[in-house]
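K.L.:
Just the structure for this:
(chains A and B)
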Amino acid sequence: MRPVLRFLEDELIERIVSEARDVLCKLGVEIHNKDVLSMLGEHGAKVNMDKYHVLFTNEIIDKALKTVPKSFKLYDVLGNQTHDFSGYDVYYTPGSAALNILDYDTNKIRRPETSDYIKFTKVVSGLKNIASQSTALIPADIHEKISDSYRLYLSLLFCEKPVVTGAFTIEAFEIMKELQIAVRGTEKELAQKPLTIFSCCPTSPVKWSDVTSQNLLDCSRFSIPVEFIAMPLSGFMAPVTLVGTLIQHTAETLSGVVISQLTNPGAPVLYGGSPAIFDLRFETTPMGAVETEMIDCAYNEIGKYLGMPTQAYISLSDSKQVDAQAGLESSMGATLAALSGINNIAGPGMLDFESCQSTEKLVLDNEICGMTLRMLKGIVPREDFPTLPRLEELLKEKHLLISEHTRKYLKEEFYFPSSVIDRANRTRWEKEGRVTLIKRAHAEVEKLTRDYAPSRLPEDIKKELTKLMMGEARRYDMKRLPEIEI
Amino acid sequence: MDILKEISENLELGDFEKVSLLTKKAIEEKIPVEKILKFGLIGGMDIVGEKYKTHQIFLPDVLMSARAMHAGMDVLKPFFIREGMPNSGKVILGTIQGDLHDIGKNLVGIMLKGAGFEVIDLGTDVSPEKFIETAKKEAAYIIGMSALLTTTMPMMRKVVELLKKEGLEDKVKTIIGGAPVSKDFAQSIGADAYGYDSTDAVESVRKLFNQA
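P.N.:
Predicted coordinates:
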C-alpha cells in the first residue's frame, strides 16, 4: 500500500474551485499582454484592452480542463524517458534560480560563477535520488540578458538529466527553444520527447506580466511543458487563512491552465506553485513553515482533483547555514510532499527563502529524498508467508545474514544512504576523526565531482550548442563566453 | 588469467564452488600451498574487507566470501597438516558471565572465521574460569569477551585479573567488545584490545597476533 496524505475533503475542494471560478469570472485577471488578451477574447472572454483586464467564463475554464493532459513524460538529453508525471509518482529536482551560493570554504554567501554552476551540475549528475536538474544558480560572470539561456546551455552540456528552467525575458525563449531543438533534432521531436519544464509565474493577486504570459504562450505553442508557479502570500498578498490562500492560488493557477490550453489544447502542464505564509514579525516568506507546506500539499490535491500532475517548491529551508533547521525543514517538506504525491518536488539544495543554493546541502537533501522514496514503496510482503521456515532457518543457523531471503530482498527493503548520513557507532566515528555533517557532505561533493562522467551527448551537438550560445552572446556585445572545459 | 587472481575474484563474488574447484586446480598446477593461501584466499578476503569497510559491499556479501574462503581452506587443510603450516590463529570467544546477549559476539565469530582464524565459541554466560581453562586446554592466544549489560561488564576485569594471577598475561591476550564497552574501559581493566565492531575486532585480533 502506498501511503497517501490528504488535507482536504472532496467537498471542500469543490467549494474552493467554485470560489476560484467566481474570482476569475466576476473579479477577472490582469494580463499585461495584448496577444494573450486577444486570444482569450477570441474564445469568448470579456476583454478590456485598455485596462489589460479580462473576465473569464466558466465555458473557457471547462474547455481548458477538458483538454489539459492528466500526465506527461520527460526525457533526458539522450532521449531516454526519465519521468512519468502521473498519479502519485514523485520526482525530485533541485531548487532553482538561486542568486547566491553558500561557499563551503568561507561559509559565506557570494554570487555564483560559471565554475560553480558546472560543479553543481556535475554533482547533480551523480545524485541518484534527484531525477532532473534545474537551472539552480544564476551565474554572475555573464551578461544578465543571457543569464537564463546560458544556464540552460551549461546544463545541456554537462548533465544528461532533463532540466527544470525558465526564461527571464520574452526574447530569451527563442534561444532556449533553439538549444533544445539542437539536442532533439526538430521541433516535432522536441514536442514528442520534452526535455525541459519552464516555470511560468503569475503575480499575486491574479495578474500576469507581459514576460511571463508571453513565455506561457510560447511554451504552449511548442508543447514545451510548463509549471505554474503562483505565489500568494497568506496574510499579505492573500487571505491569512489557508483556505483563502488556496482559493486565490487556484484562481491564479487556473488562469494559467486556461491560457495554455486555449493556445494549444493538450499542451503539457504541471499544476504547481510557490505560495507561502507571510511572517509578519520578520516580513519574510518562510518556505519551511509548516503552514506553507500544508498549502503546497493541499493545492496538489486540488490539482489532482482537476486532473493534472502537480509541482511544488517544498523540500527546502529558510536557514542560512546547512544546520539542524535546514535538515528539519527540508525533511519535513520532502516527507509531506512525498506522502501527498506531489509529482515534481522542487527544493533540494536551497536555503534562505529560495535565494541561496548549497552543493553540500544538496547532497544531504539527496539522502532525505532517498529515504522518502523508500518510504513510498511502503511495507509489502516479500515471501513472508509462511515465515515459519525462515524462523526455523534462524534457529538452526543462528543468524539470517546469508540467508537467500536476506540476499534477495536486502537492497529492496533497506535504503542505504551515502556516508553523508552517519550511522557508525561512536568509537568508529571518533576513530575516523569525528567528522561533522557539513564535512561529510563536502567530502561527498568532492567525490561526486571527481567521479563525474561527461555527458554522452554527441560532440557535434555540444559544438552546435556552443555555436548557438556564442551567437546569443554576440547579440549583447559579449565577445566570448567564460572559459569552460567540456 | 592468473589462477590465484581467479580464486581471489571468485572469493569476492562468494562463489564457494568455484573457489573450491580453482583451489584444487592450483594444487594440481603445483603452486605452493602458502602462495594459494596468501594471494588467492587471504588476498581475496583482504579486498572484501576493504570494500566492506568503505560500504561498497554489505555484510551478507562478506559472509558469502567467508564461506567461499572456507571452501578453499577445506581443500588446503590436508596440506597444512602435511607441511606443518599454521592457521591464522586460535581465538576463544564468549559472552561474559551473567549476560545472554550474543548477536555482536556471533558477528565477531563469523568475521574472524572469515578472516581465517580458528574460533572456539563458548556461547553465552561464560565464567572467567571457563575462559581461562579453555584457553589453556586449546593453547589459544586470544580470549574475546562480549557484554551488552553494564552490570556484567565488571566480570571482564576478573578474566584479566585471573590471567595475571596464573602468570598467563604474556601467553594469552584479551580483547573485549559490546555496546556499553569502550576503549577507555578496555584500558581501565587492562584488556589488551578493544573492537568497536566486527571488522575492527578482526583488525585488532590480527594486530595482537602480529605482535606475538
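K.L.:
Just the pLDDT for residue A:269.
P.N.:
In the predicted model, residue A:269 carries a pLDDT score of 98.
K.L.:
no no, residue B:88
P.N.:
So residue B:88 comes in at 64 (pLDDT).
K.L.:
ditto for residue B:206
P.N.:
Residue B:206 is given a pLDDT of 91.
K.L.:
And for residue A:60?
P.N.:
Residue-level pLDDT assigned to residue A:60 equals 98.
K.L.:
cool, and residue B:150?
P.N.:
88.
K.L.:
quick one: contacts for the closest residue to it other than its chain neighbours?
P.N.:
Of all residues not flanking residue B:150 in the chain, residue B:180 sits nearest, at 4.9 Å (Cβ to Cβ, 6 or more residues apart in numbering or on different chains). In this view, the C-beta of every residue, glycine as well, is placed from N, C-alpha and C. Residue B:180 sits next to B:147, B:148, B:149, B:150, B:153 when contact means Cβ atoms under 8 Å, 6 or more residues apart in numbering or on different chains.
K.L.:
Got a quick PyMOL command for the buried subset of those?
P.N.:
In PyMOL, a selection of the buried entries from the contacts of residue B:180 looks like this (16 or more other Cβ atoms under 10 Å in any protein chain shown):
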select buried, chain B and resi 147+148+149+153
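K.L.:
ok, the contacts of residue B:180 vs chain A, which is closest?
P.N.:
residue B:148 (13.3 Å; Cβ to the nearest Cβ).
K.L.:
which helices and strands sit right next to the strand or helix carrying residue B:202?
P.N.:
For residue B:202, the host element (DSSP states H and E) is helix B:198-211. Secondary-structure packing of helix B:198-211 (3 or more Cβ pairs under 8 Å, 6 or more residues apart in numbering or on different chains; DSSP states H and E): helix B:43-53, helix B:103-114, strand B:142-146, strand B:173-177, strand B:193-194.
K.L.:
out of the ones you listed, which comes closest to chain A?
P.N.:
helix B:103-114 (5.9 Å).
K.L.:
Contacts for the closest one, please.
P.N.:
With Cβ under 8 Å, 6+ apart, helix B:103-114 has contacts from A:398-399, A:401, B:45, B:59, B:62-63, B:65-66, B:69-70, B:91, B:93-95, B:119, B:121, B:124, B:144, B:146, B:148, B:177-179, B:195, B:198-199, B:201-202, B:205.
K.L.:
How about the closest residue to chain B within the stretch 201-350 of chain A, nearest residue that isn't a chain neighbour?
P.N.:
For the stretch 201-350 of chain A and chain B, the shortest gap (Cβ to the nearest Cβ) falls at residue A:327, measuring 21.2 Å. In space, and not counting its chain neighbours, residue A:327 is closest to residue A:364: 6.9 Å by Cβ to Cβ, 6+ apart.
K.L.:
Repeat that for residue B:91.
P.N.:
residue B:142 (4.5 Å).
K.L.:
Quick one: residues contacting the one you found.
P.N.:
So residue B:142 contacts B:89, B:90, B:91, B:92, B:172, B:173, B:174, B:175, B:205, B:208, B:209 (Cβ under 8 Å, 6+ apart).
K.L.:
got the contact list for the residue of chain B found nearest chain A?
P.N.:
Residue of chain B nearest chain A, by Cβ to the nearest Cβ: residue B:196 (3.5 Å). Neighbouring residues of residue B:196 by Cβ under 8 Å, 6+ apart: A:425, A:427, A:428, A:431, B:177, B:183.
K.L.:
Could you chop chain B up by domain?
P.N.:
B:3-83, B:90-211 (automatic domain parsing).
K.L.:
so the residue nearest to residue A:327 makes contact with residue A:436?
P.N.:
No - with contact defined as Cβ atoms under 8 Å, residue A:364 does not reach residue A:436; the gap is 11.8 Å.
K.L.:
and the two? which has more neighbours close in?
P.N.:
Of the pair residue A:364 and residue A:436, residue A:364 is the one with more neighbours under other Cβ atoms under 10 Å in any protein chain shown, namely 26 against 10.
K.L.:
picking that back up, which of the contacts of residue B:196 has the most neighbours?
P.N.:
The contacts of residue B:196, ranked by neighbours (other Cβ under 10 Å): first place residue B:177, 27 neighbours.
K.L.:
ok, what's across the strand from that residue?
P.N.:
residue B:146 (DSSP bridges).
K.L.:
Tell me who's in contact with it.
P.N.:
Contacts of residue B:177 by Cβ under 8 Å, 6+ apart are B:104, B:105, B:108, B:144, B:145, B:146, B:194, B:195, B:196, B:197, B:201.
K.L.:
Give me the pLDDT for it.
P.N.:
95.
K.L.:
With residue A:138 instead?
P.N.:
93.
K.L.:
Check the one 5 residues further on too.
P.N.:
At residue A:143, the pLDDT value in this model is 89.
K.L.:
wait, what's in contact with it?
P.N.:
A:473, A:476, A:477, A:478.
K.L.:
Flag every residue of chain A that's near chain B.
P.N.:
By Cβ under 8 Å from any Cβ of the partner chain, the residues of chain A that approach chain B are A:398-399, A:401-402, A:406-407, A:410, A:416, A:419, A:425, A:427-428, A:431.
K.L.:
from these, which single one is nearest residue A:137?
P.N.:
Of all these, residue A:137 sits closest to residue A:419, with 25.4 Å by Cβ to Cβ.
K.L.:
So what's the residue count around that closest one?
P.N.:
17.
K.L.:
Excluding covalently adjacent residues, which one is nearest to it?
P.N.:
Nearest to residue A:419 is residue A:440, by Cβ to Cβ, 6+ apart, at 5.9 Å.
K.L.:
Okay, strands next: where are they in the stretch 1-150 of chain A?
P.N.:
Using DSSP state E, counting those that start in this stretch, the strands of the stretch 1-150 of chain A run over residues A:29-31, A:46-48, A:53-55, A:72-75, A:81-85, A:91-93, A:100-102, A:109-110, A:133-134.
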